[in-house]
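In: Following is a predicted model, sequence given first.
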Amino acid sequence: MATIEKLQRESGIVYKAVVRKQGHPKITRTFKTRSAAERWGRQTESSLEQDDAGLTHEGQRHTLGDAIKRYRAEILPTLNASTQPNYTRHLAFWEDKLGHLRLSEVQPVKIAACRDELATTPQKPKREGAAPRMRTTTTVRRYLATLQAVLTACMKRWHWLSDTPMRQLEKPSEGQGRARFLSEDELGRLLSACRESTSPDLLIAVLLAITTGARAGEIMSARWRDVDLKGGILQVRTDNETTTKGGVRMLPLVPQVLPLMEARLEQAKAKELARQRKAQVAELRDIWGMLVFPSRVSANKAIDLRKPFSTALAKAGITDFHWHDLRHSAASFLAKRGASLLEIGAVLGHKTTQTTKRYSHLAQSHTTTLMQDLADDLLGKVGGAE
C-alpha cells in the first residue's frame, strides 16, 4: 500500500503519497485531498506491477493495428476457410476505427462507441432500390468476438496485455435466431429436386447436412482423411477460437449416405488418375488431403452450392429457407423422435445448453406424449384394479 503523509504548508494542508517497491526508486506526489492521494497510489502500484511483467511497456509499444496485422499473419490462416472472409471484414473495421491506438489506449468506452456505430449505421442494400438494412445484434456480437480474439491473442500468445478491455464491455443481447424447420413433406420434395439437379454435389451435401446436423463450413471443408468409410464416421473440425464452436466432432454416416460417399471417393481417385496420365507425372497427389467437395476451378477451394440449392428450393416450392436451416431441421427431426436436448446439443456440437434451447418446445412435445402414454398405462391399471 502507498504511504500517505499529511503535511502542513503555508498554503494549507496537503497529502503526500509515497510509493515504494523493491527494485524501483521511491515515487512521491502531493495532493490536496487524501482520497486523490490514495487513488494515485493504487494506480501507480498497479502500473509498477504490470511493468515488472513487461506488460505495460508492451501495451504502450504496440498498437491495435500491429496486433491485427500479426493476427492476420499467424492466426487467421489457421481458422476454418468458411469463416475467414467474415473475420477479414471484421478486422478491417477495427483496424480502421481503432488501429491507430496503442493497446494500452484501447478502452471499453472507445470499443462501445464502435459497437453502437455498428448497430446504428445503415448498410448498403443488397439489391438496387431496396431499403437500407441494419446489422443484426448477432452480427454486432460477431464483430466484437473478432476483436476479442485479437485481444486474447495479445494476452495469451504474445503477452502484450495483462487483461482485455472486453471484460468491461456490454454486448448486445443475443437474439432468438432463426427456427425454420423443414416438415417431412418438404424434406421429401427437396430431396427429389436435389436428385434432379444438374449439380452432382448437391444431393449428397444436403443429405450430409440433414443426417449429421453439420454446419455448411464443416461439410465443405471436410477432406477425405476426415472420412472413415469402414467405420461410418465423418470427423468435422471447427477452429473458431472466439466462440463455443471450436473442437472436433465425430458424426456417424448413415447407411443411406455411405454408398454415395464410397462412389464419390472412387470418382475422385479416377479423376486424379486421369489427371496423372494426362500430365505424365509419376505419382498421384495425396487423395486423402483433398476436399470432399472441391470446386471445379480449384481443387483447394470448396464448391459453391448456393445457386443449385436455390434452384432446388424453388423447384420444391419451399420458401424462406436457408442452407443453415438444414441444421435446424436435423435437430427438429431428432427432437420429434425422442432425442433429449443434451443429445441434440452433442450432435450439433453445442458446448452449452443455451444454444440448444431453441429446440426445447419440440423436445417438450415428445416428453408430453411419453408422459401421457405412461399416465394412461398406469392409471388404466389402477382403475381396472378398483
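Out: Noted; the coordinates are in hand.

In: okay, and for the stretch 251-386 of the chain, where does confidence drop off?
Out: 280-285, 351-386 (pLDDT under 70).

In: cutoff 80 now
Out: Low-confidence segments of the stretch 251-386 of the chain (pLDDT under 80): 275-286, 335-386.

In: Can you show me the helices along it?
Out: For the stretch 251-386 of the chain, the helices defined by DSSP state H, counting those that start in this stretch cover 258-279, 306-316, 325-336, 341-348, 353-356, 360-385.

In: same check, this time on the stretch 1-150 of the chain
Out: With DSSP H, counting those that start in this stretch applied, the stretch 1-150 of the chain shows helices at 34-52, 55-61, 64-74, 84-98, 108-120, 137-156, listed in chain order.

In: which of these is buried the deepest?
Out: Highest mean neighbour count of the helices of the stretch 1-150 of the chain: helix 137-156, a mean of 19 (counted as mean count of other C-beta atoms under 10 Å). Backbone N, C-alpha and C define where each C-beta goes, glycine included.

In: and that helix with helix 84-98, angle?
Out: Angle, helix 137-156 to helix 84-98, by axes from the mean of the first three to the mean of the last three C-alpha atoms, to 10 degrees: 80 degrees.

In: Which elements pack onto helix 137-156?
Out: On a contact count with 3 or more C-beta pairs under 8 Å, 6 or more residues apart in numbering; DSSP states H and E, helix 137-156 meets helix 64-74, helix 84-98, helix 108-120.

In: what angle do the shortest one and helix 108-120 make?
Out: Okay, so that is helix 64-74. Using the same axes, to 10 degrees: helix 64-74 against helix 108-120 is 70 degrees.

In: quick check: domain ranges of the protein?
Out: 3-52, 60-125+132-168, 184-324 (automatic domain parsing).

In: does Arg249 count as helix, strand or coil?
Out: When classified by DSSP: H, G, I helix; E, B strand; the rest coil, Arg249 comes out as strand.

In: isn't it right next to Gln235, touching?
Out: Yes. At 7.3 Å, Arg249 counts as touching Gln235 under the criterion of C-beta atoms under 8 Å.

In: Would you mind telling me which of the two has the busier surroundings?
Out: Ranked by neighbour count (other C-beta atoms under 10 Å), Arg249 and Gln235 place Arg249 first, with 18 against 15.

In: Identify the residues contacting that one.
Out: By C-beta atoms under 8 Å, 6 or more residues apart in numbering, the residues touching Arg249 are Ala214, Gln235, Val236, Thr238, Gly349.

In: before we move on, what about Lys126?
Out: Arg133.

In: go again using 7 Å as the cut-off
Out: With C-beta atoms under 7 Å, 6 or more residues apart in numbering as the criterion, no residue contacts Lys126.

In: just to revisit the earlier point, which among the domains of the chain is found nearest to Gly338?
Out: domain 184-324 (15.6 Å; C-beta to C-beta).

In: Report pLDDT for the residue lying closest to Ala112 once chain neighbours are set aside.
Out: Excluding its sequence neighbours, the residue lying closest to Ala112 (C-beta to C-beta, 6 or more residues apart in numbering) is Leu169, at 6.1 Å. Listed pLDDT for Leu169 reads 87.
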